[in-house]
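In: Turn this into a model:
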Amino acid sequence: MKIRILALLLLVFTAMSFNTLAEINLDFSTATDDELVQALDAIKAEQRSRLKTKIVLSETEILLAKGKTKKLSPSVIDMEEGVKAGKFTWSTSDKTIASCSNGTVTAVKPGTAVITCFVTLSDGTELEEDCTVEVYVPVASVKMSTKRYKLKAGDAITPEFTISPKDATNPELEMTSKNPEIAYIDSDGDVVALGAGETTITAMTIDGSEKSVSFTVVVETADEQMAAASSNTKKEAISKKLRDGKYIIGKDIPAGKYLITCLETEGERIGGAYSSLGSAYDALDDSSDGNWSSLFSSLGNMMGDLSEMEVEILGDYGDVLRSVSMKAGDTVELKLEEKTALQISEGSCTIESID
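Out: Sure thing, here's the model as predicted:
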């Protein structure tokens with residue numbers, strides 16, 4: 001039915017002029033109420049498209065922050081001589097989103113509404129024009145907990161911002177660097193340190209609220225990096241207990257000068273086990289008179305006396321740069337440098353940094 005009515009209307013508009021439309025007998029007796037309304041809307045739309053006389057609004061699309069207002073100014077163009085415009089009236093498609101009074105639009109809550117302006121000319125012609133209003137919640141403030149970053153060339157950071165209110169429609173920020181040759185913003189929105197110096201990074205809202213926050217990025221020179229590394233090494237006090245194993249200098253243990261003290265050798269651990277075993281035998285044999293304990297203790301002490309802990313400094317290719325044999329209680333000072341390793345075998349020890 002809709003297709004038949006629209007096709008009929010198109011045929012009428014094509015064959016006849018707008019002024020003779022009233023002379024045509026159209027049969028809408030079988031059309032539903034909804035179809036008649038749609039047909040009438042189609043006719044009015046066609047009328048407006050053919051009229052040169054129309055309402056022109058100062059704006060037809062508005063992006064308006066919640067709580068803000070905007071004044072729309074209407075005018076009628078191409079009126080025939082002697083024809084005058086009546087009073088402009090206004091309506092809104094959703095007053096909970098945007099209201100309008102005498103052309104002043106007020107944003108109520110986020111969403112989209114259509115403001116329509118109406119006027120009737122002195123010759124009876126009715127005109128209307130629409131303005132689409134998009135209401136949003138603007139960013140009220142942008143804050144940071146950290147406003148100064150100290151980086152090395154090649155470092156990248158993702159700054160953290162606190163945006164309020166939390167329901168801001170578009171909380172996205174755009175960052176710019178005052179000196180991109182020192183630190184720049186990459187395609188992922190990270191700040192990348194490039195060259196030595198200091199620059200200011202500014203993060204600005206893109207929702208039109210024009211809120212911003214700035215922070216400083218300091219990129220160290222090569223000399224500053226070396227000095228900082230040296231300072232950190234001196235200040236870091238190391239005290240660890242090491243067992244059999246290999247420890248990489250610069251990764252497991254910082255480079256520096258250390259005092260190594262042997263706690264126990266492997267032989268001493270085994271000797272202690274032998275003594276315990278002898279005591280167990282004595283407990284099972286009432287006639288031993290402590291002979292088992294004495295025998296096993298002697299064997300254990302012998303093994304402890306013969307055993308030593310090995311401390312080796314290894315080079316890049318595993319070659320031994322220095323080797324020290326230690327018994328329990330022995331100490332030795334060693335200087336451990338980058339690109340070497342500390343190898344402990346046959347015992348355990350403590351390692352403490354020395355200024």
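In: When you work out contacts or count neighbours from here on, use the C-alpha atoms and nothing else.
Out: Will do.
In: In the stretch 101-250 of the chain, where is pLDDT below threshold?
Out: 222-236 (pLDDT under 70).
In: Tell me which stretches of it form helices.
Out: With helices called from DSSP state H, counting those that start in this stretch, the stretch 101-250 of the chain shows them at 222-235.
In: all strands of it, in order?
Out: Here the stretch 101-250 of the chain has its strands, by DSSP state E, counting those that start in this stretch, at 104-107, 111-120, 126-136, 141-143, 148-151, 156-157, 162-164, 173-177, 183-185, 191-193, 197-205, 212-219, 239-242, 245-248.
In: Bridge partners for the closest residue to Gly197 other than its chain neighbours, pull those for me.
Out: Using Cα to Cα, 6 or more residues apart in numbering and skipping the chain neighbours, the partner closest in space to Gly197 is Val219 (5.3 Å). Note on Val219: beta-bridge partners by DSSP bridges are Leu151, Gly197.
In: Just list the residues touching Val219, thanks.
Out: Applying Cα atoms under 8 Å, 6 or more residues apart in numbering to Val219 gives the contacts Lys150, Leu151, Lys152, Ala153, Ile182, Ala183, Ala193, Leu194, Gly195, Ala196, Gly197, Glu198.
In: Please identify, among those residues, the one with the most neighbours.
Out: Most neighbours among these, by other Cα atoms under 10 Å: Ala183, with 29 neighbours.
In: how far away is it from Ser141?
Out: Using Cα to Cα, to the nearest Å, Ala183 is found at 25 Å from Ser141.
In: can you check Ser122 too?
Out: Going from Ser122 to Ser141 by Cα to Cα gives 52 Å.
In: I'd say Lys84 and Gly124 touch.
Out: No: Lys84 is not in contact with Gly124 according to Cα atoms under 8 Å; the separation is 10.0 Å.
In: Which one of the contacts of Val219 is nearest to Thr30?
Out: Distance to Thr30 across the contacts of Val219 (Cα to Cα) is lowest for Ala183, with 73.8 Å.
In: Show me what the closest one is bridged to.
Out: Ala193.
In: That one contacts Thr199, doesn't it?
Out: Yes: contact criterion Cα under 8 Å: Ala183 and Thr199 qualify, at 6.9 Å.
In: Need the residues touching each of these two.
Out: Common neighbours of Ala183 and Thr199, using Cα under 8 Å, 6+ apart, are Ser177, Val217.
In: how near is the spatially most central residue of the chain to Asp130?
Out: In the chain, the residue lying closest to the centroid (Cα atoms, centre = their mean) is Thr158, at 6.7 Å. In this view, Thr158 and Asp130 are 44 Å apart by Cα to Cα.
In: ditto for Ser75
Out: Look at Ser75 and Asp130: by Cα to Cα, they are 13 Å apart.
In: what's the answer for Gly86, then?
Out: 18 Å.
In: Mind checking which of those two has more residues around it?
Out: Asp130 (19 against 13).
In: Nearest to Ile115 among the contacts of Val219?
Out: Ala183 (47.0 Å).
In: what's the closest one in contact with, if anything?
Out: Neighbouring residues of Ala183 by Cα under 8 Å, 6+ apart: Ser177, Val191, Val192, Ala193, Leu194, Gly195, Thr199, Val217, Val219.
In: Please tell me how far the first one sits from Val76.
Out: Pointing back at Ser177 there. 48 Å.
In: Between Ser122 and Ser141, tell me which one has more neighbours.
Out: Using other Cα under 10 Å as the criterion, Ser122 and Ser141 rank with Ser141 on top: 15 against 12.
In: So the more buried one is in contact with Ile163, correct?
Out: Yes: Ser141 lies in contact with Ile163 (Cα under 8 Å); the separation is 6.1 Å.
In: got the contact list for the closest residue to the residue nearest to the centre of the chain other than its chain neighbours?
Out: In this structure, Thr158 finds its nearest non-sequential neighbour in Asp190, 4.9 Å apart by Cα to Cα, 6+ apart. By Cα under 8 Å, 6+ apart, the contact list for Asp190 reads Ala156, Ile157, Thr158, Pro159.
In: what does Asp244 give?
Out: Contact analysis of Asp244 by Cα under 8 Å, 6+ apart lists Gln343, Ile344, Ser345, Glu346, Gly347, Ser348.
In: my read: Glu352 touches Ser239, true?
Out: Yes: in this structure, Glu352 is within contact of Ser239 by Cα under 8 Å, at 4.4 Å.
In: related to what we said a few turns ago, any chance of the contacts of Ala183 in JSON lines, with distance to Asp319 too?
Out: Shown next, in JSON lines, are these (distance: Cα to Cα, whole Å):
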{"residue": "Ser177", "distance to Asp319": "50"}
{"residue": "Val191", "distance to Asp319": "43"}
{"residue": "Val192", "distance to Asp319": "40"}
{"residue": "Ala193", "distance to Asp319": "39"}
{"residue": "Leu194", "distance to Asp319": "39"}
{"residue": "Gly195", "distance to Asp319": "39"}
{"residue": "Thr199", "distance to Asp319": "47"}
{"residue": "Val217", "distance to Asp319": "44"}
{"residue": "Val219", "distance to Asp319": "39"}
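In: Specify which member of those is nearest to Ser145.
Out: Lowest distance from Ser145 to those (Cα to Cα) belongs to Val217, with 14.2 Å.
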